[in-house]
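> predicted model and sequence follow; I will ask about them next.
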Amino acid sequence: MEKKQEETKCCECCGKAMQRKRFNGRLEDLSVFMRRRFCSLSCANTRTDLTKHGYSWRARKHLKKKCEACGYARALQAHHIDQDNSNNEPENIQTLCKHCHDFWHTTAKRIGKMVAGRMPRLA
C-alpha cells in the first residue's frame with residue numbers, strides 16, 4: 001500500500017507549520033487535517049476582523065438593567081450614539097429597549113439627521 005503524500009499547512013493566525021495530531025496513539029484523519037485552519041484553539045479564537053454581529057455582541061457587555069429613555073427592562077439593545085458599530089466604549093453605548101431604539105432611528109432618519117445621537121430621557 002502506497003503512503004499518501006502529506007501536504008504542509010500553516011496556521012491562518014500565527015503562520016506556524018501544522019502537523020497531524022495524534023489521539024490515543026492514532027493519527028488524525030488526513031481529510032480532517034486538510035480542513036483544519038488553525039494550529040490550536042487559542043489561534044482559532046483570536047479574531048482580528050469582526051462582523052457587525054461580533055461588534056454588537058461586544059457592545060452588549062455595557063448594557064444597563066433598564067432602558068435609559070423609558071425605563072422598560074425587556075428587549076434591551078445597545079445603541080451606538082455615534083453610529084459607529086466598532087466603537088464599543090461605554091460612553092458611546094446607550095441602553096434602549098427595542099421600541100425606543102427603533103423610534104429614535106426612525107425619527108432621526110425622518111428629520112434628516114445622519115447620526116441619531118443620544119436619545120433623551122422620556123418624562
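Everything's here; your move. These figures come from a predicted structure and were not determined experimentally.
> could you look up the SS state of Thr107?
Classification of Thr107 by DSSP: H, G, I helix; E, B strand; the rest coil places it in helix.
> which residues are in contact with it?
Ala116 (Cβ atoms under 8 Å, 6 or more residues apart in numbering). Using the backbone N, CA and C atoms, a C-beta is placed for each residue, glycine as well.
> worst-scoring helix or strand of this protein, pLDDT-wise?
helix 52-59 (a mean of 82; mean pLDDT, DSSP states H and E).
> not counting residues beside it along the chain, what's closest to the residue positioned nearest the centre of the chain?
Centroid check for the chain by Cα atoms, centre = their mean gives Gly54 as the closest residue, at 1.2 Å. Nearest non-adjacent residue to Gly54, counting by Cβ to Cβ, 6 or more residues apart in numbering: Arg47, 6.9 Å away.
> pLDDT wise, what is the one you found at?
Looking at Arg47, its pLDDT reads 70.
> host element of it?
Using DSSP states H and E, Arg47 sits within no helix or strand.
> so what's the residue count around it?
As a burial measure, Arg47 scores 9 neighbours (other Cβ atoms under 10 Å).
> hey, where'd the helices end up in this structure?
Here the chain has its helices, by DSSP state H, at 30-35, 41-44, 52-59, 98-110.
> and the first one, what's buried?
Going back to what we said before, that points to helix 30-35. Within helix 30-35, the residues scored as buried using 16 or more other Cβ atoms under 10 Å are Phe33.
> what of the shortest one?
Within helix 41-44, the residues that qualify as buried by neighbour count (16+ other Cβ under 10 Å) are Cys43.
> from the chain's centre, how far out does it sit?
16 Å (Cα atoms, centre = their mean, to the nearest Å).
> would you confirm that Arg37 contacts Met18?
No: between Arg37 and Met18 there is no contact under Cβ atoms under 8 Å: 9.2 Å.
> next, the contact list for Ala44, please.
Ala44 touches Cys13, Arg37, Phe38, counting by Cβ under 8 Å, 6+ apart.
> oh sorry, the question was meant for Lys98
Per Cβ under 8 Å, 6+ apart, neighbours of Lys98: Ala75, Leu76, Gln77.
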